[in-house]
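Student: Got a predicted structure here, sequence first:
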Amino acid sequence: MIEDLSGFTYTPQNFRDLAEAPIGVELWKFLKNRDNLIRMETATWLERPAVEPLAQGLIAEFGDSIRDDRTKQMIGHMTKQLMSALGYEIDRSALRITRPSLFTSGTTYRVKGAESRSMKITREQRDAWVKNTKSSPFNVWLDAQVKKPDGTLDLEKLYAVSLQYGVTNRYDGLNPGQQRMNMGIQLRKKVPATVYEDIQ
């Protein structure tokens, strides 16, 4: 379970003027929100910059003014302190974010003291994943419920199916694949095996 950082205090250093302004105070509250901490941690385990999944929510909450370069730098500075408080350290700096986003680059993190988690996946490992996981009866069943005729993910259907089984969390700040992954993990625990066990 993610640590409660509601009482954690930001050390602004060179961003004191901005941090003490209303935008800085509200940004710090926004970043400490439990859902946003989960988004940052999820991105970290996917070896993506911690700020990447926050972009949509930041724009929705604060508007286009959040695109100011110094404000974005302070968001990165705040994120670094939060990730440290959660037990992470910098893995890579200035990793390019290629999808259209509020951020063009960001820092990735790893558990403190751990070796870099970058690894190569062999063809055998990928084939085993396809055989044992991607094409498992559960995933075949879920894909049939949530994919459009062209094979793309229908997020509204994904969340509708999730609600049917009592999964109410949403991960709108993550990309569609990450949302599907998070919802799939929760649904696997909720959907009775009898629903999908006979699917080939």
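Tutor: Thanks, I have the structure now. Bear in mind that the values here come from a model prediction, so they are computed numbers and not experimental data.

Student: so Arg92, which of the three states?
Tutor: strand (DSSP: H, G, I helix; E, B strand; the rest coil).

Student: Mind listing the residues bridging to it?
Tutor: For Arg92, the beta-bridge partners under DSSP bridges are Thr108.

Student: Now do the buried residues in stretch 100-115.
Tutor: 101-103, 106-110 (16 or more other Cβ atoms under 10 Å). Where C-beta positions appear, they are placed from N, C-alpha and C, glycine not excepted.

Student: what is the mean pLDDT for it?
Tutor: The pLDDT scores in stretch 100-115 average 88.

Student: Can you dump the C-alpha atoms of that stretch in PDB for me?
Tutor: Once non-C-alpha atoms are left out, stretch 100-115 reads as follows in PDB (Å, rounded to 0.1, in the frame of the first residue of the first chain):
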ATOM      1  CA  PRO A 100       2.100  14.400 -27.100                       C
ATOM      2  CA  SER A 101       2.200  15.600 -23.500                       C
ATOM      3  CA  LEU A 102       2.700  18.500 -21.200                       C
ATOM      4  CA  PHE A 103       6.200  17.300 -20.700                       C
ATOM      5  CA  THR A 104       8.800  16.500 -23.400                       C
ATOM      6  CA  SER A 105      11.200  14.700 -21.000                       C
ATOM      7  CA  GLY A 106      11.200  13.500 -17.500                       C
ATOM      8  CA  THR A 107      13.200  11.500 -14.900                       C
ATOM      9  CA  THR A 108      12.700   7.800 -14.200                       C
ATOM     10  CA  TYR A 109      13.300   6.300 -10.800                       C
ATOM     11  CA  ARG A 110      14.200   2.900  -9.200                       C
ATOM     12  CA  VAL A 111      13.900   1.500  -5.700                       C
ATOM     13  CA  LYS A 112      16.800   3.000  -3.600                       C
ATOM     14  CA  GLY A 113      19.800   0.700  -3.700                       C
ATOM     15  CA  ALA A 114      18.500  -1.400  -6.600                       C
ATOM     16  CA  GLU A 115      20.400  -2.000  -9.800                       C
END
